[in-house]
Structures are given as structure tokens and as C-alpha cells.
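A.B. asks: next come a sequence and a model predicted from it.
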Amino acid sequence: MHNDGLYVVTGAFGYSGKYIALRLLKKGAKVRTITDSPDRLNPFGGLVEAAPFNFGEPDKLAASLSGAKVLYNTYWVRFNSLTGSAKFSHSEAVRNTLILFNAAQKAGVKRIVHVSITNPDKNSTLEYFRGKAVLEQALVNSGISYSILRPAVLFGQEDILINNIAWMLRKFPVFGLFGEGSYRLQPIFVDDLARLAVEQGGHQGNTIIDAIGPETFSYRNLVSEIGSIIGKRRPIVPLPPWLCHLVSLAVGKLMKDVLVTKEEIEGLMDDLLYVDSPPAGSTRLTDWAKENRDRLGIRYASELARRRDRKTAY
């Protein structure tokens, strides 16, 4: 890969994009990021140049992609935030990603590695999964060589979900589940996803891969395992999902964040973060959590704080 062209990564100053960029740099690649946070602390110094997304100016966006061999796209939003200083929505993310794909086509990008989600469905009642399906189909129809990666949940140092489960276990005497907690998750380590993405960037054929880790948990077992690892075993109490959502709203208000949305609860309880596929990652969440037990959940990880502050590193 040494000096064989330009590789563009969306969000390289953020979470998964940072790990992809790091993998590319280790291979000697020239890396550019396009980002909503061009002023965020650049963890790569001068090795990664940054350009804004310019969704409103597609010609500028295409210029940022000009000469790229591969575009690694991690751009997305977790939920709709329609008030306050950090406004974003799924519909906007879908619209912007379609602009990105069109710009890549115009710029002559050879291949796109696109991060999606397990079980996308254009007929889903859940906007998250429906939007991901729309984007997958648009990429397939674009004529650009592609690899679509479908992770369930990511974990790693900058993670939100796993960290905040640990944070709640540290802060509260009991842990409330959405229902019985039998629905499943297959978390993948963020650097395993990055390795897979870089590998796929070097291939030619079109692929769709369920990017899941080697362990499958029920949500109840996941909470129990994390509690045991960090030394905070708590009574795990099944609650009606609406009541659990009310509690999460209260915690979110306290933390000036969105802890979990009603849609996320529905997607989780519908088993949409589970697939019957072989693992694509090798790092076990339980092993990683043991190595990081002293810091896991010490601080709350805020989605909205990251979007309000576009300068501080995660």
C-alpha cells in the first residue's frame, strides 16, 4: 500500500474512523479525512489532512475525494436530535450519505467500504434500520465496487454503550432491564472492525459481511458479565420497557444527553443486533473488559457532548 494512492476515511478524528485511519497509516498509506469536526484535535498530527464534509457544496465534496482509491464511510447518527445546539437526524444522515456516494462517483473513487448495521430492512418501522437499508441499496446501485460491513455493537476505549452500562452499574444499586433481557448482541472490537475494513478496501469484489465479534450475549448476561468484571454485581431487575425508557429519559436529562431511545430499545428487543453468521472479529469483549476494568464506566460517555464540542478529542 506504500504510496499507491489516496485513502479517504470519514470521521477519522472520531471513533471507528480513527482506528481505520490508524491501520491505513501503519501500512504507509496517504490518508485524508472528511469530517464534521475538522477542528477537533488531530490524533495523527500532520499525517492525516482534514477537509469538511461540504454536503451543501457537492463539487467541493467531490474535490475532497478526487484521486481516492478507497472511501471508508463511517458517517451516521445514532438518533434524532431536533432541538438544542446539536441538531441531527436519520433523514439528514441518509440524504448526506447519498450526496457522499454521488460525489465519490463523480470523483472516480474506485471502491467504497461502507459501515452499516446488522439486519437493515427497507420496510422496518425503525428509522435507523430502514435508513441503513436505503443506503446499502444505493451503494449497490451506484456501480462502484463496494464492501458493506454490518456490525452489531462496537466496543473499545471510546465506546458509549458498554461504557455506560458499566457507569450505571457503578452508580446505581440495581440495574433495570428492558423486559426479560433475553434479546441478543454480538459486540465487535472497534479495531477488529478497522482491520476488516482495511482488508476489504484491498479487495476487488463486492461483499456484504456481518461484522460481529466472537461472543454472543443476551442483554441480561452482558450486564451481568460487565458487573462481575468491574466488581459491581447488582440485582438485575426486569422492567416494562416503557418504565425503563422513562428512567433512561430522567438519567439522560441529568447527564444532558440521550441515554437510550425508544427506537433503540425496540431494535434491541426485536433481536436486530443478532445474526446467525460466523464471527468476523477475534477479540472477546470479556477479555477486553478485564484488561480495562479499572477505567470502564468510571466516566459517563455523552453522545451529545461529543457533538456539541467539535474540538476536544474523545
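C.D. replies: Okay, I see it.

A.B. asks: with only the CA atoms kept, save stretch 58-68 in PDB.
C.D. replies: Output in PDB follows, covering the C-alpha atoms of stretch 58-68 (Å, rounded to 0.1, in the frame of the first residue of the first chain):
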ATOM      1  CA  PRO A  58     -21.200  18.700  -3.700                       C
ATOM      2  CA  ASP A  59     -18.400  19.900  -6.000                       C
ATOM      3  CA  LYS A  60     -16.200  20.700  -3.100                       C
ATOM      4  CA  LEU A  61     -17.000  17.300  -1.600                       C
ATOM      5  CA  ALA A  62     -16.100  15.600  -4.800                       C
ATOM      6  CA  ALA A  63     -12.800  17.600  -4.900                       C
ATOM      7  CA  SER A  64     -12.000  16.200  -1.400                       C
ATOM      8  CA  LEU A  65     -12.500  12.700  -2.800                       C
ATOM      9  CA  SER A  66     -10.600  13.300  -6.000                       C
ATOM     10  CA  GLY A  67      -7.900  10.700  -6.600                       C
ATOM     11  CA  ALA A  68      -9.100   8.400  -3.800                       C
END
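
A.B. asks: list the buried ones in it?
C.D. replies: Neighbour-count burial for stretch 58-68, counted by 16 or more other CB atoms under 10 Å, picks out 61, 62, 64, 65, 68. For glycine as for every other residue, the C-beta is placed from the backbone atoms N, C-alpha and C.

A.B. asks: among those, which are in helices?
C.D. replies: 61, 62, 64, 65 (DSSP state H).

A.B. asks: how about the helices in this structure?
C.D. replies: 16-26, 58-65, 90-107, 127-142, 161-171, 190-201, 219-229, 241-255, 262-269, 285-291, 303-308.

A.B. asks: among those, which comes closest to residue 184?
C.D. replies: Residue 184 lies closest to helix 219-229 among those, at 7.5 Å (CB to CB).

A.B. asks: and the contacts of the closest one?
C.D. replies: 162, 165-166, 169, 175, 177-178, 180-185, 187, 217, 233-234, 236, 268, 285-286, 289-290, 293, 296-297 (CB atoms under 8 Å, 6 or more residues apart in numbering).

A.B. asks: now the angle from it to helix 262-269?
C.D. replies: 90 degrees (axes from the mean of the first three to the mean of the last three CA atoms, to 10 degrees).

A.B. asks: what angle sits between helix 219-229 and helix 161-171?
C.D. replies: Using the same axes, to 10 degrees: helix 219-229 against helix 161-171 is 60 degrees.

A.B. asks: for residue 272, what are its contacts?
C.D. replies: By CB under 8 Å, 6+ apart, the neighbours of residue 272 are 117, 118, 119, 126, 129.

A.B. asks: let's see the pLDDT reported for the last one.
C.D. replies: The predicted local confidence for residue 129 comes out at a pLDDT of 98.

A.B. asks: tell me who's in contact with it.
C.D. replies: Applying CB under 8 Å, 6+ apart, the residues near residue 129 are 117, 119, 120, 121, 267, 272.

A.B. asks: buried by neighbour count, from these: which ones?
C.D. replies: For the contacts of residue 129, buried by 16+ other CB under 10 Å: 117, 119, 120, 267, 272.

A.B. asks: phi, psi for the closest residue to the second one other than its chain neighbours please.
C.D. replies: Using CB to CB, 6 or more residues apart in numbering and skipping residues adjacent in sequence, the residue nearest residue 119 is residue 272, 4.5 Å away. Backbone geometry at residue 272, expressed as degrees, to the nearest 10, gives phi -80, psi -10.

A.B. asks: give me the below-cutoff pLDDT ranges for this structure.
C.D. replies: 1-3 (pLDDT under 70).

A.B. asks: make it 90
C.D. replies: By pLDDT under 90, the low-scoring segments of the chain are 1-5, 37-43, 45-46, 82-87, 309-314.

A.B. asks: quick check: residue 242 vs residue 293, distance?
C.D. replies: 33 Å (CB to CB, to the nearest Å).

A.B. asks: more neighbours: those two, which one.
C.D. replies: Neighbours per residue, other CB atoms under 10 Å: of residue 242 and residue 293, the larger number sits with residue 293, 16 against 10.

A.B. asks: from what I can see the more buried one touches residue 286, true?
C.D. replies: No. Distance between residue 293 and residue 286: 10.6 Å, which falls outside the contact criterion (CB atoms under 8 Å).

A.B. asks: hang on, the earlier thing: quick check: the farthest pair among the contacts of residue 272?
C.D. replies: Top of the distance list for the contacts of residue 272 (CB to CB): 118 and 126, 12.4 Å.

A.B. asks: and the helices of the chain: which comes nearest residue 84?
C.D. replies: helix 303-308 (7.4 Å).

A.B. asks: now do the buried residues in the closest one.
C.D. replies: 303, 304, 306, 307.

A.B. asks: so who does the third one touch?
C.D. replies: Meaning residue 306. 14, 314.

A.B. asks: touching, residue 265 and residue 244? I think so.
C.D. replies: Yes. The criterion here is CB under 8 Å, and residue 265 meets it with residue 244 at 7.2 Å.
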